[in-house]
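**Q** Based on what follows, work out the 3D shape:
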Amino acid sequence: MNRFAELLDRLVLTPSRNGKLTLLTSYFRTVEDPNRGLALAAITGNLDIAAVKPAMLRTLVGERMDPVLFGYSYDYVGDLAETVSLVWPVQGSETGDHKLTLAEVVRQLQAASRSDGPKVLARLLDEAEVSARFAIIKLVTGGLRIGVSARLAKQALADLGQVDVAEIEELWHGLAPPYEALFAWLEGRAPKPETAARALFRPVMLANAVGGDLEKLDPADYAAEWKWDGIRVQAVREGGVQRLYSRTGDDVSGAFPDLAEAMDFVGALDGELLVGTPSATGTFSVLQQRLNRKTVSTKMLRDYPAFMRCYDLLQVEGEDLRGLPFRERRVRLEDFAARLDPARFDLSPLVGFANWRELEAARAAPPHPIIEGVMLKRWDSPYLAGRPKGPWFKWKRDPHTVDAVLMYAQRGHGKRSSFYSDYTFGVWSGPEGGEELVPVGKAYFGFTDEELRQIDKYVRDNTIERFGPVRSVRADRNNGLVLEVAFEGLNRSSRHKSGVAMRFPRISRLRWDKPAGEADRIETLKALLDG
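**A** All right, here's what the predicted structure looks like:
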């Protein structure tokens with residue numbers, strides 16, 4: 001257990017992608033089965049511990065220490081798992097039981113009933129030392145928050161076995177923890193696992209930002225199509241099994257049964273999941289009504305129907321089309337899409353253009369508000385996993401910006417737990433002389449580490465109220481920190497006092513030079529909605 005705890009600690013403190021890959025690969029290479037496979041399952045979100053819920057932790061801690069003192073500790077530390085692991089009373093030896101393994105911890109937790117879960121968890125925390133307690137709590141809460149995605153973990157496996165990560169992604173949904181056959185293959189001790197699972201995920205092809213490459217490209221070599229503001233999905237049906245996957249390979253079929261049930265084809269489609277109908281497409285804020293739901297009500301299905309706008313055809317009737325050039329796949333897609341349910345599937349149209357100037361004009365004034373730019377795809381490009389340089393480019397619309405005033409700041413998590421790094425900002429509203437700031441968004445990225453330290457100091461020096469881990473900072477016509485906020489779009493929102501909700505807000509610049517009274521007004525944002 002201590003090895004897994006050490007891995008989590010080091011991953012949290014390692015900012016670089018390559019550094020995290022090195023740590024993961026080393027762990028998978030040196031730790032024995034089944035511990036490494038269970039660690040992999042935890043990191044990729046495939047470890048199910050049903051008997052223990054995060055709320056139980058607070059109850060257990062409340063039985064062992066004053067709840068007010070725990071509240072103060074949690075506010076300071078900023079992370080539930082870290083707080084509990086530090087304040088949990090030591091039982092007997094200060095060093096804990098070094099023989100407690102990850103496999104044994106998982107076995108006990110998974111074998112526990114819902115009624116026995118709290119007692120089993122408490123006993124394990126009593127036996128473990130601080131770092132192991134932290135790891136155990138991370139397991140039961142299900143959110144590791146260590147800066148490692150499932151894709152990065154799979155890349156570490158690929159590095160371990162010197163194979164292409166696409167091979168692992170195509171196998172993944174046919175495998176189960178603790179992945180002993182997978183590790184045996186990667187270490188050359190067994191052949192590649194064969195799976196009888198149907199409707200497996202195909203690693204998606206991604207695009208690079210255009211940047212300064214446009215002038216180097218020949219327009220005749222590329223097709224252009226709209227970049228729709230939904231979520232990228234893959235619809236696969238094979239052997240009577242149908243699955244809808246996110247771009248990272250998560251099975252989201254349960255959240256969109258209306259679309260899954262309409263998959264009466266045999267093949268694999270790549271496209272964008274949207275809400276509404278092909279002729280009346282809803283915005284991303286409408287789509288959010290359907291996201292991250294375990295169950296979908298009849299009313300939700302009726303009010304927010306889902307459909308798929310098709311980009312590419314990867315497989316049909318057992319034939320793998322990914323090696324064909326895009327031009328041929330597009331012809332096959334047009335024929336294939338014409339036979340699908342028109343209420344649930346439609347074809348993403350191509351954008352005609354003769355030169356980059358024409359395409360730039362189309363990008364700047366798209367025909368639909370949920371278009372966020374254009375995609376460029378080489379006519380001769382095969383469908384390649386990952387983000388190869390050259391075949392595909394994305395050319396997004398320029399982001400909107402607004403000058404807003406910092407109103408509230410909250411402590412971050414992990415390596416940011418000592419800093420106020422999550423910021424709520426607002427713009428002015430009301431008649432002249434009676435203006436007030438109304439919150440319009442929240443952002444926690446876009447700034448450098450040095451700027452984070454500067455904002456953190458400003459928050460501490462200008463706090464006027466405290467609400468647990470949140471601080472209210474001085475913000476009036478004469479005092480306040482102005483933030484230039486970039487965002488992708490704006491939607492009406494009845495849940496926010498301002499009446500608006502931003503899409504992907506981030507801090508683009510600190511305006512130390514600008515007085516708070518000169519920040520933007522709510523009318524500036526509402527004009528974007530009306531425009």
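**Q** Now for residue 125: which residues touch it?
**A** By C-beta atoms under 8 Å, 6 or more residues apart in numbering, the contact set of residue 125 is 60, 84, 88, 133, 136-137. Backbone N, C-alpha and C define where each C-beta goes, glycine included.
**Q** most neighbours, which of those?
**A** Neighbour counts for the contacts of residue 125, by other C-beta atoms under 10 Å, peak at residue 136, which reaches 27 neighbours.
**Q** Quick check: it touching residue 1?
**A** Yes: under the criterion of C-beta atoms under 8 Å, residue 136 makes contact with residue 1 at 7.4 Å.
**Q** Show me the common contact partners of those two, please.
**A** What both residue 136 and residue 1 touch, as defined by C-beta under 8 Å, 6+ apart, is the set 105, 128.
**Q** Where does the prediction get shaky in the stretch 151-300 of the chain?
**A** 196 (pLDDT under 70).
**Q** now the strands for it?
**A** Ranges of strands in the stretch 151-300 of the chain, per DSSP state E, counting those that start in this stretch, are 208-209, 222-228, 231-238, 241-246, 267-277, 280-281.
**Q** who does the fifth one touch, helix- and strand-wise?
**A** The elements that strand 267-277 packs onto, with contact taken as 3 or more C-beta pairs under 8 Å, 6 or more residues apart in numbering; DSSP states H and E, are strand 231-238, helix 284-287, strand 306-316.
**Q** Out of the ones you listed, the one nearest residue 155 is which?
**A** strand 231-238 (19.2 Å; C-beta to C-beta).
**Q** and residue 414, what pLDDT?
**A** pLDDT, residue 414: 63.
**Q** thinking again about what came up before, out of the contacts of residue 125, who's nearest residue 15?
**A** So of these, ranked by how close each gets to residue 15 (C-beta to C-beta), first place is residue 137, at 23.1 Å.
**Q** The helix or strand that closest one falls within: how far from the chain's middle?
**A** If you go by DSSP states H and E, residue 137 is part of helix 130-141. Relative to its chain's centre, helix 130-141 lies at 23 Å (C-alpha atoms, centre = their mean, to the nearest Å).
**Q** mind listing what's buried in that helix?
**A** Buried residues in helix 130-141, counting neighbours by 16 or more other C-beta atoms under 10 Å, are found at 131-141.
**Q** can those residues go into CSV with extra columns for pLDDT?
**A** Below are the buried residues of helix 130-141 laid out as CSV (pLDDT from 0 to 100):
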residue, pLDDT
131, 85
132, 89
133, 89
134, 87
135, 89
136, 91
137, 88
138, 87
139, 87
140, 84
141, 80
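**Q** which one of these is nearest residue 438?
**A** Nearest to residue 438 among those is residue 141, at 34.1 Å by C-beta to C-beta.
**Q** quick one, what contacts that closest one?
**A** 54, 57, 80-81.
**Q** Enumerate every residue touching the closest residue to residue 134 other than its chain neighbours.
**A** Of all residues not flanking residue 134 in the chain, residue 85 sits nearest, at 3.9 Å (C-beta to C-beta, 6 or more residues apart in numbering). By C-beta under 8 Å, 6+ apart, residue 85 lies in contact with 130-131, 133-134, 137.
**Q** measure residue 85 to residue 142 for me?
**A** According to C-beta to C-beta, to the nearest Å, residue 85 stands 16 Å off from residue 142.
**Q** got it, and residue 216?
**A** Separation of residue 216 from residue 142 (C-beta to C-beta): 46 Å.
**Q** more crowded one of those two?
**A** With neighbours defined as other C-beta under 10 Å, residue 216 and residue 142 compare such that residue 142 has more, 14 against 6.
**Q** Return the member of the contacts of residue 141 nearest to residue 200.
**A** Once C-beta to C-beta is applied, the member of the contacts of residue 141 that ends up nearest residue 200 is residue 54, at 32.0 Å.
**Q** Quick check on that closest one: phi, psi?
**A** With angles defined as degrees, to the nearest 10, residue 54 sits at phi -50, psi -30.
**Q** where along the stretch 51-200 of the chain do the helices fall?
**A** Per DSSP state H, counting those that start in this stretch, the stretch 51-200 of the chain carries helices over the ranges 54-62, 67-77, 80-87, 102-111, 117-127, 130-141, 150-161, 165-172, 180-186.
**Q** Out of these, which one sits most buried?
**A** Mean neighbour count, computed with mean count of other C-beta atoms under 10 Å, is highest for helix 130-141 among the helices of the stretch 51-200 of the chain, reaching a mean of 22.
**Q** got the angle between that helix and helix 102-111?
**A** On the basis of axes from the mean of the first three to the mean of the last three C-alpha atoms, to 10 degrees, helix 130-141 is oriented at 40 degrees to helix 102-111.
**Q** CA-only coordinates of helix 130-141 in PDB, if you can.
**A** What follows is helix 130-141, C-alpha atoms only, in PDB (Å, rounded to 0.1, in the frame of the first residue of the first chain):
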ATOM      1  CA  VAL A 130      -0.500   8.800   7.100                       C
ATOM      2  CA  SER A 131       0.400   8.400   3.400                       C
ATOM      3  CA  ALA A 132      -1.400   5.100   3.100                       C
ATOM      4  CA  ARG A 133      -4.500   6.600   4.700                       C
ATOM      5  CA  PHE A 134      -4.400   9.300   2.100                       C
ATOM      6  CA  ALA A 135      -4.300   6.700  -0.700                       C
ATOM      7  CA  ILE A 136      -7.100   4.600   0.900                       C
ATOM      8  CA  ILE A 137      -9.400   7.600   1.100                       C
ATOM      9  CA  LYS A 138      -8.600   8.500  -2.500                       C
ATOM     10  CA  LEU A 139      -9.700   5.000  -3.500                       C
ATOM     11  CA  VAL A 140     -13.000   5.200  -1.700                       C
ATOM     12  CA  THR A 141     -13.900   8.800  -2.900                       C
END
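**Q** picking up where we left off before, next one: the residue nearest to residue 134 from residue 131, what distance?
**A** Using C-beta to C-beta, we find residue 85 at a distance of 8 Å from residue 131.
**Q** Same question for residue 265.
**A** Applying C-beta to C-beta, the value for residue 265 to residue 131 is 51 Å.
**Q** Against residue 322, how distant is residue 398?
**A** With distances taken as C-beta to C-beta, residue 398 is found 33 Å from residue 322.
**Q** which residues of the stretch 401-531 of the chain fall in helices?
**A** With DSSP H, counting those that start in this stretch, the ranges of helices along the stretch 401-531 of the chain come out as 449-461, 522-530.
**Q** could the ones you listed go into a markdown table alongside mean neighbour count and mean pLDDT?
**A** Below are the helices of the stretch 401-531 of the chain laid out as a markdown table (neighbours: other C-beta atoms under 10 Å; pLDDT from 0 to 100):
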| stretch | mean neighbour count | mean pLDDT |
| --- | --- | --- |
| helix 449-461 | 15 | 92 |
| helix 522-530 | 14 | 82 |
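**Q** so can I have CSV of the ones you listed showing distance to residue 234?
**A** Below are the helices of the stretch 401-531 of the chain laid out as CSV (distance: least, C-beta to C-beta, whole Å):
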stretch, distance to residue 234
helix 449-461, 36
helix 522-530, 33
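**Q** Out of the ones you listed, flag the one nearest residue 348.
**A** Of all those, it is helix 522-530 that lies closest to residue 348, at 25.4 Å by C-beta to C-beta.
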